[in-house]
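*Asks:* no FASTA, just this:
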């Protein structure tokens, strides 16, 4: 998604509401909307992992044991955050499986929505993209057909994952404490749902990477449907006309265009002035599709949308760029705070510009660590599980990353991103 978005920051396409052309956007923004959804999916899975990382060992059949075991020691040895607090809950809880299935269901729902758009975009009614032959098939009888099979299969498998979630919820809904044999029905739905998602994601990734985008068709579709009408109304509003009056004036123009088979771009200035003398020659610049997209600069808009994806554990350009479509280039450090019922992800900007920073050079590794520790102390004050003065226990290089553990927090910092932080940003952190 990031790679395609970078390629199409300036590709104008129609944005839709109610499946009707609404306002011009960039193809990058449309793709990154799904990037934002998938980022939340990653967060849900990480959160799910943190909550399920409690050890049931020592719960016995239901009432624990009278042997002098140390459940904290066994939990720590096996890599868990903590033992489960209640032995009845330890043998009968399946929340972790239900939560995982729920997170996977939401993820599949996002892939299914994306699949539906790809299916529409491939049709002759849209023709915004062409899928690679490896991700589509022909018809057994109609030689002209090229069907988006992969997108359709992903869309279809979404119901399969939904079914596993509903099945396990139904299994658990009437069970008294503690263990019941019904619970052995948790295995098949969880394993199959995980396998299904792991099957869909790489195939979907390949489909996106190889699809051919047709910017000319997107632009042509954007030129119809009066999707710059709101910008025409905004033009009048910026000249002092109340928006309700600008809305009405633009609606009059649209009605005139429909009757005379014209567009707002092809109207003469005299036709504009017949509605209101506030129109001047600059209206054509204001309603140009590129201007419509470029002027929507606030965060989240087509000109100010942020690239929302960061692949934890991967270095390189695509793993570190998190800035907006117009300025890709600020790497981040990511802190994953995992603890007993606590999980959070914090992005810290640690670098700007290619050749250095205004007001300072590179930070030493221990300085970076102290910045991270300061953030930890703010998020979880001393006395609640985090010690802001704790020394770094482990900091080693692994697969191009510097990985460390700080008082229950796992810190991952890309090696080439340990650059300086300007004073004001450091104070903000």
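*Replies:* Now that the structure is in, tell me what you want to look at. Everything quoted here is computed from the prediction, not taken from an experiment. Numbering: from 1, shown residues only.

*Asks:* which stretches of the chain have low pLDDT?
*Replies:* 304-429 (pLDDT under 70).

*Asks:* could you pull out the strands for it?
*Replies:* 12-17, 20-26, 54-55, 82-83, 129-130, 212-213, 332-339, 342-349, 394-398, 401-406, 409-414 (DSSP state E).

*Asks:* And the fifth one, what does it pack against?
*Replies:* In terms of contacts (3 or more CB pairs under 8 Å, 6 or more residues apart in numbering; DSSP states H and E), strand 129-130 is packed against helix 95-122, strand 212-213. Where C-beta positions appear, they are placed from N, C-alpha and C, glycine not excepted.

*Asks:* Sheet partners, orientation included, of that strand?
*Replies:* Looking at strand 129-130 with DSSP bridges, its partner strands are strand 212-213 (antiparallel).

*Asks:* Can you report how many residues neighbour residue 19?
*Replies:* Residue 19: 7 surrounding residues under other CB atoms under 10 Å.

*Asks:* I meant to write residue 40 there.
*Replies:* Neighbour tally, residue 40, other CB under 10 Å: 14.

*Asks:* how close does it get to residue 284?
*Replies:* Distance of residue 40 to residue 284, given as CB to CB, to the nearest Å: 40 Å.

*Asks:* same check, this time on residue 127
*Replies:* Residue 127 is 28 Å from residue 284, by CB to CB.

*Asks:* And for residue 297?
*Replies:* Residue 297 is 21 Å from residue 284, by CB to CB.

*Asks:* Those two - which one has more neighbours?
*Replies:* residue 284 (15 against 11).

*Asks:* you'd agree the more buried one is up against residue 266?
*Replies:* No: with contact defined as CB atoms under 8 Å, residue 284 does not count as touching residue 266 (10.1 Å).

*Asks:* got the contact list for residue 253?
*Replies:* 229, 232, 264, 267, 271, 272, 275 (CB atoms under 8 Å, 6 or more residues apart in numbering).

*Asks:* so how far is stretch 119-137 off the chain centroid?
*Replies:* The chain centroid and the centroid of stretch 119-137 are separated by 23 Å, computed with CA atoms, centre = their mean, to the nearest Å.

*Asks:* Contacts for that stretch, please.
*Replies:* With CB under 8 Å, 6+ apart, stretch 119-137 has contacts from 13, 118, 146-152, 155, 203, 206-207, 210-214, 217-218, 221.

*Asks:* Straight-line length of it, end to end?
*Replies:* End-to-end distance of stretch 119-137 (CA to CA, to the nearest Å): 13 Å.

*Asks:* buried residues in that stretch?
*Replies:* 119, 120, 121, 122, 126, 128, 129, 130, 131, 135, 136 (16 or more other CB atoms under 10 Å).

*Asks:* Between those, which sits nearest residue 178?
*Replies:* residue 119 (47.1 Å; CB to CB).

*Asks:* Tell me how far the closest one lies from residue 125.
*Replies:* 11 Å.

*Asks:* Top of the contacts of residue 253 by number of neighbours, please.
*Replies:* Counting by other CB under 10 Å, top hit in the contacts of residue 253: residue 232 with 25 neighbours.

*Asks:* gap between that one and residue 71?
*Replies:* 69 Å.

*Asks:* Go ahead and confirm residue 256 touches residue 271.
*Replies:* Yes: taking CB under 8 Å as the definition, residue 256 is a contact partner of residue 271 at 7.2 Å.

*Asks:* Tell me which residues touch the closest residue to residue 199 other than its chain neighbours, please.
*Replies:* Excluding its sequence neighbours, the residue lying closest to residue 199 (CB to CB, 6 or more residues apart in numbering) is residue 157, at 7.8 Å. Going by CB under 8 Å, 6+ apart, residue 157 touches 108, 196, 199, 200.

*Asks:* rewinding a little: now compare the buried residues of stretch 119-137 and name the two farthest from each other.
*Replies:* Farthest pair in the buried residues of stretch 119-137, by CB to CB: 126 and 135, 17.1 Å.

*Asks:* ok, residue 107 touching residue 196?
*Replies:* No: applying CB under 8 Å, one finds residue 107 not in contact with residue 196, separated by 10.4 Å.

*Asks:* More neighbours: these two, which one.
*Replies:* Using other CB under 10 Å as the criterion, residue 107 and residue 196 rank with residue 107 on top: 23 against 18.
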